[in-house]
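Predicted model and sequence below, questions to follow.
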Amino acid sequence: MDKTGISSFTGNQWQRLLRWHRGQKDNEEGGDGVKDEGKQNSILDLKLKVNWKERVIDPADQFYYVWIQVMIFPIVYNWVIIILRTCFTTIALSYLPVWLTLDYLSDLMYIIDMIVTVHTGYLDQGILIKDLAQLKNRYLHSKHFLRDLASLMPTDFLYFAFGIQTPMVRINRLLRLPRLSEALDRMETRTSYPNTFRISKLMIYIFVLIHWNACLYFALSSYIGFGSDNWVYPNITHVEFASMRRQYFYCFWFSAQIFTTVGDTPLPKREEEYLFMIADLLIAVLVFASIVGNVGNVISSLRDRDNVFFPNHELVKAYLRSHYISKELRQRIDNWYQHLHINKKIMRENEILQQLPLHLRTEIAVSVHLPTLSKVTIFQSCEKSLLEELVLKLTPQVFSPGEYVCRKGDVGHEMYIIKEGKLAVVADDGVTEFAVLSEGNFFGEISILNIKGNKSGNRRTANIRSIGYSDLFSLSKEDLTDVLSEFPAAKHHLEEKGRQILTKMGMLEESGDGEEREAEKVETKIKRLESNLEVLQTKLARLMVELESSHRKMQARVEQLEWEAAALETQLPENGKEGETAQGRGEGVGGDVVWEREEAEGEEEEEDERCTLTIYYLTLCV
Ligand SMILES: Nc1ncnc2c1ncn2[C@@H]1O[C@@H]2COP(=O)(O)O[C@H]2[C@H]1O
């Protein structure tokens, strides 16, 4: 219905929003290190974020994340190699310079890690603490410090006592294991493939376990005597079993066999062998259970993800079968599901993103739907905040070829924006096409806008049929009303478009305009009268208050005068001798009384005037 190319709306809000969005995207790419420029940005970011001056690292920083991943290597090295060299003495002695170099390299990394840890800020009530003295104090008084210190004790001096062939003296290096867990946890939250990551982690744990068991098996065989029975490692003097590689692989295979194919190993002969096997079998049960449990979890989480992404097809199929739905309809439904899966159309995005806070949801919605909304003319001049509100209210819908989105005469509850696909406005015969709508167009607004003079009221004015598969956003009547109430320009635009269609169809009452104007006039008059009435009411209230106070004053004055007159009357007959004086005084008093009376008369006149005014206003109000 209304299509505009991107070029036609340069300089509007959408462009700004798009630019902002692209900026965000570039930043993200920089973080992933996809582009060279992005890489440079990320390095720059790193430099800026790590406060080298104060030497404090933000644990949420990329630098910290990278460092903690680097720390995986020395920790895993110690966990795998110390036991290997302890049990396989030939391996230990054959590559001694390599092992010693790696040992002290790992020690160096342990030391750097302690420095990094002491310079890593922590959150106190949500605020990153960057005070170095505070950080030092916290670390030095924590049990982590004791553990890190213990893992770095120079136990290598024990080589002098036990000899260089006993790397077991470095067993304290294994104490850094919690750092490995921290690194793996952080990786798990960041990775885009958590299930693959979980399975790989489990496999690595199992590998280390089998490795330890293999080493211990070889050590036990050496203690019992190689080749002394069927269970132990065969005689190493035999050429076939003499090589280091063969020794390790045999032991690893033996150990893996115990942990996986429970019971398919040679029968133990001696008590030590029995004890070893019992311990191994118990561990094997746990390993097996954890493998089954973890893999089960991964599978169910994959299924859950699919069920959240796409509606459950199996359930719907079963329902259709049980209700003997026609084959043709079942086929259409199957095709619809297939289309969703193949083209990765996610219908329940609002549900999926529900757990995110509103601002993140809005950002995601803006970045996902912006390209579509930016093509819709009515939303081009919207403010950013309104658009953000709007994108959260859109519901994705997919229609199959030939399917009707709405039919003429139906009550309208929502309008639609076309994200992808083509739809036809068709006549009742289903063949004649009045118009074809495509990406960026909208329809279905007429029946929900209450356009004055619309003969069809809240009923659909046309049939809309999807030509191929079409991806739409629906916007409910309530949400649209909400948005438009704050955005009259868009409302006007929508109504204008609707009116044009209605006029073309001859479905707009002629008098509609006149009536509308008349209604507008009456509305303005009522508003003016209301505001006049308010002013009058205020004036009246003020006058009433004044009237009451002057009335009270008058009454008091009259009472005083009466009292004075009465006093005068009682004094006159008693003081006959002082008649003249009294007369003179009486004159004086009389003069006073005259003055008082005049004053009272003046006030009375004023009162009269006010009363007249009041009555006039009251009449006006009535
Ligand atoms: N001739 C037309 N051209 C384009 N769109 C139309 C035409 N007639 C109807 N429509 C749209 O089809 C919609 C059908 O539902 P509504 O009446 O709510 O709103 C209608 C318009 O948005």
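Yep, it's here. Treat the numbers as computed from the prediction; the structure is a model and nothing was measured. Residues are numbered from 1 along each chain as shown.

and the helix or strand where residue 315 lies, what does it pack onto?
Remark: residue 315 resides in helix 313-322, with elements defined by DSSP states H and E. Counting contacts by 3 or more C-beta pairs under 8 Å, 6 or more residues apart in numbering; DSSP states H and E, helix 313-322 packs against helix 327-342. (Each C-beta comes from the backbone N, C-alpha and C, glycine too.)

who does the helix it packs on touch, helix- and strand-wise?
Going by 3+ C-beta pairs under 8 Å, 6+ apart, helix 327-342 lies up against helix 313-322, strand 395-399.

Just the CA trace of that helix, in CSV.
This file holds the C-alpha atoms of helix 327-342, laid out as CSV (Å, rounded to 0.1, in the frame of the first residue of the first chain):
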residue,chain,number,x,y,z
LYS,A,327,-4.6,-35.0,3.9
GLU,A,328,-4.5,-31.8,1.9
LEU,A,329,-4.7,-29.6,5.0
ARG,A,330,-2.1,-31.8,6.8
GLN,A,331,0.2,-31.3,3.8
ARG,A,332,-0.2,-27.5,4.0
ILE,A,333,0.6,-27.6,7.7
ASP,A,334,3.7,-29.8,7.1
ASN,A,335,4.9,-27.4,4.4
TRP,A,336,4.5,-24.5,6.8
TYR,A,337,6.6,-26.2,9.4
GLN,A,338,9.2,-27.1,6.8
HIS,A,339,9.4,-23.5,5.6
LEU,A,340,10.0,-22.3,9.2
HIS,A,341,12.7,-24.9,9.8
ILE,A,342,14.5,-24.6,6.5
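
what comes up buried for the helix holding residue 315?
Using 16 or more other C-beta atoms under 10 Å as the test for burial, helix 313-322 gives 313, 316, 320.

Equivalent analysis for stretch 472-480, please.
Quick answer for stretch 472-480 (16+ other C-beta under 10 Å): 472, 473, 474, 475, 477, 479, 480.

Mind checking which of the residues you listed are in helices?
477, 479, 480 (DSSP state H).

Could you measure from the second one over to residue 386?
Using C-beta to C-beta, to the nearest Å, one obtains 12 Å as the distance from residue 479 to residue 386.

Get me the contact residues on the chain for the ligand.
1, 406, 412, 425, 434-435, 443-447, 460-462, 464, 501 (C-beta under 6 Å from any ligand atom).

Number of residues surrounding the nearest residue to residue 361 once chain neighbours are set aside?
In space, residue 361 comes closest to residue 353 once its chain neighbours are excluded; the distance is 4.9 Å by C-beta to C-beta, 6 or more residues apart in numbering. For residue 353, the neighbour count with other C-beta atoms under 10 Å is 15.

Residue 353 and residue 367 touch, don't they?
No. Residue 353 is beyond contact range of residue 367, at 11.9 Å (criterion: C-beta atoms under 8 Å).

Please enumerate the strands of this structure.
122-124, 127-129, 395-399, 404-406, 414-420, 423-426, 433-437, 442-443, 463-466, 470-476 (DSSP state E).

Could I get the pLDDT score of residue 56?
You'll see residue 56 listed with a pLDDT of 85.

separation between the residue lying closest to it once chain neighbours are set aside and residue 139?
Nearest residue to residue 56 in three dimensions, chain neighbours excluded: residue 130, at 4.4 Å (C-beta to C-beta, 6+ apart). Separation of residue 130 from residue 139 (C-beta to C-beta) stands at 14 Å.
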